[in-house]
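Colleague: Sequence first, then the predicted structure:
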Amino acid sequence: MGGFVFCRTHVLLLIIGLVFIEANLVHRKFEYKYSFKPPYLAQKDGSVPFWEYGGNAIASAENVRIAPSLRSQKGAIWTKNPINFDNWDVDISFRVTGRGRIGADGLAFWYTQNKGAYDGNVFGSSDQWVGLGLFFDSFDNDNKHNNPYIMAVVNDGTKEFDHAQDGTTQQLAGCLRDFRNKPFPTRARIEYYENTLTVLFHNGMTNSDQDYEMCLRAENVVLPKGGHFGISAATGGLADDHDVNHFLAWSLHKPGQIKTGQTAAGDEQQQKLQQEYQEYQKKLDQQKAEYRKDHPDEKEPEMEDWFESDNQRELRQIFQGQNQIYEIIKELSKKLDEVVGRQERTMSLITQGSGAVVPQGGGAPPPPQGQTPPIASDTIRRHEVDAVFNNQNQILSTAREIRQFILELKTRADAILSNQAKAPTAQVQAMGYDTQALISELRDGLNQVKQGTAQITHKMEQQQQGGACPAPSCISFTAMLMLVAAQLVIFLGYSFYRDSRESQAKKFY
Ligand SMILES: [Ca+2]
Ligand SMILES: [Ca+2]
């Protein structure tokens, strides 16, 4: 019982809390006179109700093409009437699409004191504006590799937009976001409330309404009252299509700011509805009574109908479970959408890939009309991808062969080294043990020859002392020749043998 009381207190506190939050919520009112959306965005005569467009802009039933993908196009659309509320929230759904890897120039959202031009220098509208310009800048004029970029620039009418620096020094705040060629429309949510500007961005990778992320937030932003909303776009040497699918505006009101007249009107309407409901209820009761009169056999509904049976409860629980499963599947499907979107993007890059890249462009003036733009295809094609794959495979197999060969070499070298380790000398030589033995044999042979020669010389000396020859160098010429011939034969034999051994060894290596 105590727990029940405790629980009830909590519920009460929660309700009070909710009421308190409710009281603090900002009141939003949809402003159809400052919005456009499909279907029937443009009327049959091409006009967009409450809006004025010009330059190269074209409106259809589905969207407004602010600037088409042709060179040097400029267009804009502006609200006819000044805005009669101070705080607002705007949601723009747009697409910037082009065949090139790079596009130009970009799209701008405006809130300015006066309507801007339809063919101005700043993304298709006027420079030196008074108020806010939110730029979706596609082209990287200052070559800092930081485009597409989203930035807010507040101007008091004195500044000229710095195209060469992409407005870097003038921006209030910004964020680096790619908004070109997305699978779903990209969106921006621009809120101006109590002098705080907040821009949320939806990157168009899903079609979910929930996926906005913070782009910028700036406080103490003072914008003129009674301004105009506008959207403009421009192309340069490079050209994207700049389409706006919807422009939705809400006025924001502080709690309690809503005029009392409106509340009174609301009360009146509620009373009217109440009365209608009571009349309907009376009619229904009357019909029920008539039905009973006509069908006296049918029983009155019994008390049992007010309670659910076990089966009913089970069914209800199954139903709830299924609902949960459905929610989870929906969430999964959302994620899948995202993955599919990315895949499509990648596939289109690989297959279509004929991005036109022109180094000049953007804010730069285009060459004279009538010339076709130089199209340099710099993206990779399918057959090129295949060729790269084949090359890689070949390189791989060659690398494998080389590896095997090196392994073989290594095992052989190891075998040789181990053989040499067994040899009596520690020296690492190309010659094996057998050669060593042969050399020592040869050395022995030579020694024997030397000894023989010494003996012969000795005998000759003895003969000379006998008186036959007076000089010590007097060796018989024949003996000398024989000696030299014998040494020559031995050396030739050895060198021949060595050569044959070496050639064998080379074969082995
Ligand atoms: Ca730029
Ligand atoms: Ca830049």
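Modeller: Here it is on my side, so go on. Because the structure is a prediction, the values reported are computed rather than measured. Ligands and ions are numbered 1, 2, ... in the order given.
Colleague: To what extent is the residue nearest to residue 159 when sequence neighbours are not counted buried, counted in neighbours?
Modeller: Spatial nearest neighbour of residue 159, chain neighbours left out: residue 170 (6.1 Å); criterion: CB to CB, 6 or more residues apart in numbering. For every residue, glycine as well, the C-beta is placed using N, CA and C. For residue 170, the neighbour count with other CB atoms under 10 Å is 16.
Colleague: Residue 170 touches residue 153, doesn't it?
Modeller: Yes. Contact criterion CB atoms under 8 Å: residue 170 and residue 153 qualify, at 5.2 Å.
Colleague: tell me the mean pLDDT for stretch 231-250?
Modeller: Averaged across stretch 231-250, the pLDDT comes to 97.
Colleague: on that earlier part again, identify the contacts common to residue 170 and residue 153.
Modeller: Common contacts of residue 170 and residue 153, defined by CB atoms under 8 Å, 6 or more residues apart in numbering, comprise 159, 161.
Colleague: could you list every residue that touches the residue nearest to residue 159?
Modeller: Residue 170 touches 153, 155, 159, 161, 162, counting by CB under 8 Å, 6+ apart.
Colleague: Could you grab the helix/strand/coil label for it?
Modeller: coil (DSSP: H, G, I helix; E, B strand; the rest coil).
Colleague: Let's see which of the contacts of residue 170 end up in strands.
Modeller: 153, 155 (DSSP state E).
Colleague: which of the contacts of residue 170 sit farthest apart?
Modeller: 155 and 162 (11.4 Å; CB to CB).
Colleague: Show me which of those two is the more surrounded one.
Modeller: Neighbour tally, residue 155 and residue 162, criterion other CB under 10 Å: the higher count belongs to residue 155, 19 against 15.
Colleague: What's the separation between the residue lying closest to residue 105 once chain neighbours are set aside and residue 141?
Modeller: Leaving out its chain neighbours, the residue that sits closest to residue 105 by CB to CB, 6+ apart is residue 234, at 4.5 Å. According to CB to CB, to the nearest Å, residue 234 and residue 141 sit 13 Å apart.
Colleague: So which of these two has more stuff around it?
Modeller: residue 234 (32 against 21).
Colleague: wait, isn't that one in contact with residue 106?
Modeller: Yes. Residue 234 lies in contact with residue 106 (CB under 8 Å); the separation is 7.2 Å.
Colleague: Find residues that contact each of these two.
Modeller: residue 123.
Colleague: Need the distance between the two termini of stretch 54-68.
Modeller: In terms of CA to CA, to the nearest Å, the two terminal residues of stretch 54-68 are separated by 13 Å.
Colleague: Mean confidence (pLDDT) on the helix or strand containing residue 286, please.
Modeller: In this structure, residue 286 sits in helix 260-294 according to DSSP states H and E. Mean per-residue pLDDT for helix 260-294: 74.
Colleague: next SSE after it?
Modeller: In N-to-C order, the element after helix 260-294 by DSSP H and E is helix 310-351.
Colleague: mind checking which helix or strand the residue in the stretch 401-509 of the chain positioned nearest to ligand 1 is in?
Modeller: Going by CB to the ion, ligand 1 is nearest to residue 402 of the stretch 401-509 of the chain, at 51.1 Å. Using DSSP H and E, residue 402 maps to helix 382-422.
Colleague: and residue 250, how many residues sit next to it?
Modeller: Around residue 250 there are 20 residues (other CB under 10 Å).
Colleague: and it, that's in a strand?
Modeller: Yes. Under three-state DSSP, residue 250 sits within a strand.
Colleague: measure it to ligand 2 for me?
Modeller: As judged by CB to the ion, to the nearest Å, residue 250 and ligand 2 stand 33 Å apart.
Colleague: So that residue sits against residue 33, correct?
Modeller: No. Look at residue 250 against residue 33 with CB under 8 Å: they stay out of range, at 11.9 Å.
Colleague: Grab the nearest non-local neighbour of residue 181.
Modeller: Sequence neighbours aside, residue 97 is the residue nearest to residue 181 in space, at 5.4 Å (criterion: CB to CB, 6+ apart).
Colleague: Quick one: residues contacting that neighbour.
Modeller: So residue 97 contacts 69, 180, 181, 240, 241, 243 (CB under 8 Å, 6+ apart).
Colleague: now do residue 108
Modeller: Taking CB under 8 Å, 6+ apart as the test, what residue 108 contacts is 122, 123, 124, 125, 133, 134, 135, 136, 230, 231, 232, 233.
Colleague: Could you point out which of those is nearest to residue 289?
Modeller: For the contacts of residue 108, the nearest to residue 289 is residue 231 (60.9 Å; CB to CB).
Colleague: domain assignment for this structure?
Modeller: 27-256, 383-422, 429-508 (automatic domain parsing).
Colleague: dump the residue contacts of the residue nearest to residue 105.
Modeller: So residue 234 contacts 67, 73, 74, 75, 104, 105, 106, 123, 124 (CB under 8 Å, 6+ apart).
Colleague: what does the stretch 51-200 of the chain have sitting close to ligand 1?
Modeller: Counting by CB under 5 Å from the ion, the stretch 51-200 of the chain comes close to ligand 1 at 137, 139, 141, 166.
Colleague: Can you list which of those are found in strands?
Modeller: Short answer: these in strands (DSSP E) are residue 137.
Colleague: Ligand 2 next: which of the residues of the stretch 51-200 of the chain next to ligand 1 are close?
Modeller: residue 166.
Colleague: Pick the one among the residues of the stretch 51-200 of the chain next to ligand 1 closest to residue 323.
Modeller: Among those, and counting by CB to CB, the member closest to residue 323 is residue 137, at 45.1 Å.
Colleague: re earlier: residue contacts, the residue of the stretch 401-509 of the chain closest to ligand 1?
Modeller: Under the criterion of CB under 8 Å, 6+ apart, residue 402 has no neighbours.
Colleague: same deal with residue 40?
Modeller: residue 61.
Colleague: So it: helix, strand or coil?
Modeller: coil.
Colleague: what do you get for residue 210?
Modeller: coil.
Colleague: Check it and give its pLDDT.
Modeller: 90.
Colleague: what residues are up against the closest residue to residue 42 other than its chain neighbours?
Modeller: Closest residue to residue 42 apart from its sequence neighbours, by CB to CB, 6+ apart: residue 59 at 3.8 Å. The neighbours of residue 59, taking CB under 8 Å, 6+ apart as the test, are 41, 42, 46, 47, 48, 53, 65, 77.
Colleague: count of neighbours near the first one?
Modeller: Spelled out, that is residue 41. For residue 41, the neighbour count with other CB under 10 Å is 20.
Colleague: From ligand 2, how far out is it?
Modeller: Residue 41 is 33 Å from ligand 2, by CB to the ion.
Colleague: Surely that residue and residue 63 touch.
Modeller: Yes. Residue 41 is in contact with residue 63 according to CB under 8 Å; the separation is 6.5 Å.
Colleague: So which residues on the chain come close to ligand 2?
Modeller: Counting by CB under 5 Å from the ion, the chain sits next to ligand 2 at 140, 142, 144, 146, 147, 166.
Colleague: Of the residues you listed - the most surrounded one?
Modeller: residue 166 (26 neighbours).
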